[in-house]
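Trainee: using only what follows, build the 3D model:
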Amino acid sequence: MIIEATGIEKSFGPLKVLKGVDFQANEAEVVSIMGASGAGKSTLLQILGTLSTPDSGHLIIDGVDVLKLGRNDLSVFRNRRIGFVFQFHHLLPEFTSLENVMIPALIGGAKEKEARAEALSLLQTMGLGERISHKPSELSGGEQQRVAIARSLVNHPAVLFADEPSGNLDSVTKQEIHNLFFELRDKMGQTIVIVTHDPQLAAMCDRSLFMKDGQFIQQ
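Mentor: Numbers count the residues shown, from 1 in each chain. This next block holds a predicted model:
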């Protein structure tokens, strides 16, 4: 099991956003989390991705008890074992596609030659072999999101977290991005957890969970 979260609780002031959530994901599994705005989906994703700390509960990712790690060790773990894709790609505008994808690898201590080779391979996998020297402003929205996905995978993370990854794209490009996640699972054995409002994407996943008022519910 790649992710095992139990009893996750989180409050913001008097508002209890997560109420004892349990969540598991297996290797090479694609899981979607749905629910209305304010249900707690993104808060849970932030905690599972170690970007936020729960008030209580336990979280094991790839065999590591991440809530017991110190700040520096947690940063290293996050860089190497967790990938993120958001609705807005957050690419650095002054860098090329290739350079954007290389950055997490370089931060993680990879040699430039190795980082470049891995980034190039991923961009080719994404169908962007001809766009490696283009900057974000020279790419379409779908191409930018593919670069962002390549960047999230450059360190071979144990799990990829995606928060509304196709929410800002047109219908044709959206379907291409949806299909890409499953191609990545098939090619790379990638575990993927997706927060989405898109029922079409959720229906493609191995499992689809639904959150309401800070808990998973049966539909």
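Trainee: list the contacts for residue 32?
Mentor: 193, 194, 195, 196, 201, 202, 205, 207, 208, 209 (Cβ atoms under 8 Å, 6 or more residues apart in numbering). Quick note: C-beta positions are derived from backbone N, CA and C, even for glycine.
Trainee: which parts of stretch 198-215 are buried?
Mentor: Residues 198, 201, 202, 204, 205, 208, 209, 210, 211, 214 are the ones in stretch 198-215 that count as buried (16 or more other Cβ atoms under 10 Å).
Trainee: so can I have CSV of the residues you listed showing distance to residue 119?
Mentor: Converted to CSV, the buried residues of stretch 198-215 look like this (distance: Cβ to Cβ, whole Å):
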residue, distance to residue 119
198, 28
201, 26
202, 30
204, 27
205, 27
208, 32
209, 33
210, 36
211, 35
214, 39
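Trainee: so which of the residues you listed sit within strands?
Mentor: With DSSP state E as the criterion, strands contain 208, 209, 210, 211 from among these.
Trainee: the third one contacts residue 31, correct?
Mentor: Looking back up the chat, that one is residue 210. No - assessed by Cβ atoms under 8 Å, residue 210 is found out of contact with residue 31, at 11.8 Å.
Trainee: looking at the protein, which residue ends up farthest from its center?
Mentor: residue 14 (28.9 Å; Cα atoms, centre = their mean).
Trainee: state the mean pLDDT of the lengthiest helix in the chain.
Mentor: For the chain, the longest helix by residue count, based on DSSP state H, is helix 171-188. Throughout helix 171-188, pLDDT has a mean value of 81.
Trainee: what are the buried residues along it?
Mentor: Buried residues in helix 171-188, counted by 16+ other Cβ under 10 Å: 173, 174, 177, 178, 180, 181, 184, 185.
Trainee: I'd guessed residue 8 sits against residue 57; true?
Mentor: Yes - with contact defined as Cβ under 8 Å, residue 8 counts as touching residue 57 (3.9 Å).
Trainee: and the two? Which one has more around it.
Mentor: residue 8 (23 against 19; other Cβ atoms under 10 Å).
Trainee: ok, then the element right after the host helix or strand of that one?
Mentor: Taking DSSP states H and E as the criterion, residue 8 maps to strand 3-12. Reading on from strand 3-12 to the C-terminus, the next helix or strand found by DSSP H and E is strand 15-25.
Trainee: dump the helix or strand bottoming out on mean pLDDT in the chain to PDB, restricted to CA.
Mentor: Least confident helix or strand, the chain: helix 171-188 with a mean of 81, by mean pLDDT, DSSP states H and E. Taking Å, rounded to 0.1, in the frame of the first residue of the first chain, the C-alpha atoms of helix 171-188 are listed here in PDB:
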ATOM      1  CA  SER A 171     -13.200  19.600 -23.700                       C
ATOM      2  CA  VAL A 172     -10.900  18.100 -26.300                       C
ATOM      3  CA  THR A 173      -7.700  18.900 -24.400                       C
ATOM      4  CA  LYS A 174      -9.300  17.800 -21.100                       C
ATOM      5  CA  GLN A 175     -10.000  14.400 -22.600                       C
ATOM      6  CA  GLU A 176      -6.300  14.100 -23.700                       C
ATOM      7  CA  ILE A 177      -5.100  15.000 -20.200                       C
ATOM      8  CA  HIS A 178      -7.500  12.500 -18.700                       C
ATOM      9  CA  ASN A 179      -6.200   9.700 -21.000                       C
ATOM     10  CA  LEU A 180      -2.600  10.700 -20.200                       C
ATOM     11  CA  PHE A 181      -3.000   9.900 -16.500                       C
ATOM     12  CA  PHE A 182      -4.000   6.300 -17.400                       C
ATOM     13  CA  GLU A 183      -1.200   6.000 -19.900                       C
ATOM     14  CA  LEU A 184       1.200   7.000 -17.200                       C
ATOM     15  CA  ARG A 185      -0.300   4.400 -14.800                       C
ATOM     16  CA  ASP A 186       0.100   1.700 -17.500                       C
ATOM     17  CA  LYS A 187       3.600   2.700 -18.600                       C
ATOM     18  CA  MET A 188       5.100   3.700 -15.200                       C
END
